[in-house]
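> A structural model of the following input is requested.
(4 chains)
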There are 2 protein chains.
Amino acid sequence: MGATKTDHFTEKQNKIATLAKALGHPARIAIMEYLLKVDTCICGDIVNELPLAQPTVSQHLKELKNAGLIKGDIDGNAICYCIDEKALEKLQTYFGNITTKLALKKNNCC
Amino acid sequence: MGATKTDHFTEKQNKIATLAKALGHPARIAIMEYLLKVDTCICGDIVNELPLAQPTVSQHLKELKNAGLIKGDIDGNAICYCIDEKALEKLQTYFGNITTKLALKKNNCC
DNA sequence: TTTCTTTATCGTAATATTGCAATATTAAAC
DNA sequence: GTTTAATATTGCAATATTACGATAAAGAAA
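As a prediction, this is how the structure comes out:
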C-alpha cells in the first residue's frame, strides 16, 4: 500500500488531480508566476529567482513539464520554458464550472 | 531534507499550493465532485461512493477540511460535509487571472 | 443499558516527494 | 580541442503521503 489507486477513478479525475498535484508546491507556483511575469521566453534564470539549488529547480521543472503545465524548447545551450496555455485553460474551466454550479444550488446547509 | 521550504515563499503562493495539493489526488477530486452533485448536505454515504476503505476516506476528508476546501457540521451521529465556496472562488480567481494574462501577452515563443 | 451506526484515530507498511552534492551532458565560446 | 555555461541525471537521506486493519468515540435505536 501507499501507492495512489489511480485506476479506480475516471480519466478526467486523474487528469485534474495530476495538474493540481503538480501545482501543489510553492516552488512550482513560484515558477509558474515567474514564467507568467517575464516577457521573453528565454528563461535561463529561473534558478536565480528561487531559494533552491539548481538540481531541485530542475526537478520541479521536470514535474511541471510531465504534468503538461509548461513546455520547454532547446535554444542553444539554454532551455526556453513557458506556460502551456491549454493546461491552464483546463483548470480554469474546471474551477469555473464548479463555482457556477455552487452558485446555482446556493448550498445553504453549513 | 525532504520537507518543503514553505518559509521561502510568499503567503499567497503557499496558500494556493496548499489548495492545489489538497486537490492533487483523484479520490479527493472525486469527493469534491460528489459533494457538488448531491443536493442535500447530509453526506454520510461518501464512503460507499469511493473505492477506498472508510479510514482512508476519512483521512482524505480531513485533508480537504484542513486545506479549507470543505466544511463539516455534526448532525446527530452523522456528519454533514459540504464545499467551502470561498476556497473555490479563490482558485477560480487565481487561474482566471493567469489565463487572462496569458491571453494578453500571447506568448508565441514555444 | 445494550446494540447499532457513523465517523475518527492509531499504528504501521508501502510508496512518493523533497532537497542537494556530485557528476554528467551538451552546446556555445575561445 | 579546451574551457565555460546551462541544464539534466544520479544517488541518497529526510520527510510526507497513501492505504487499511484494528480500535475508539459518540449519538441513535432497541
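
> rest of the way, CA atoms for contacts and neighbours
Noted.

> can you list the low-confidence ranges for chain A?
For chain A, applying pLDDT under 70 flags the ranges A:1-2, A:39-44, A:106-110.

> helices of chain A, residue ranges please.
With helices called from DSSP state H, chain A shows them at A:11-22, A:26-37, A:46-49, A:54-67, A:85-105.

> how about the first one and DNA strand D, any contact?
No: applying Cα under 7 Å from any atom of the strand, one finds helix A:11-22 out of contact with DNA strand D, separated by at least 8.2 Å.

> name the helices or strands packed onto that helix?
When contacts are defined as 3 or more Cα pairs under 8 Å, 6 or more residues apart in numbering or on different chains; DSSP states H and E, helix A:11-22 packs onto helix A:54-67, helix A:85-105, helix B:11-22, helix B:26-37.

> contacts for the longest one?
By Cα atoms under 8 Å, 6 or more residues apart in numbering or on different chains, the residues outside helix A:85-105 that reach it are A:16, A:19, A:68-69, B:36, B:39, B:85, B:88-89, B:91-92, B:95-96, B:98-99, B:102.

> rewinding a little: adding mean neighbour count and distance to A:Lys12, write the helices and strands packed on helix A:11-22 out as TSV.
Compiled in TSV, these are given as follows (neighbours: other Cα atoms under 10 Å in any protein chain shown; distance: least, Cα to Cα, whole Å):
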stretch	mean neighbour count	distance to A:Lys12
helix A:54-67	16	13
helix A:85-105	16	10
helix B:11-22	20	16
helix B:26-37	20	9
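
> quick one on the thing from earlier: and the two most separated of the contacts of helix A:85-105?
The two members of these with the most space between them (Cα to Cα) are B:Asp39 and B:Leu102, at 35.9 Å.

> quick one: closest of the helices of chain A to B:Ile46.
B:Ile46 lies closest, by Cα to Cα, to one member of these: helix A:11-22, at 16.2 Å.

> can you list contacts of the closest one?
So helix A:11-22 is contacted by A:6, A:28, A:63-64, A:67-69, A:87, A:91, B:20-26, B:29-30 (Cα under 8 Å, 6+ apart).
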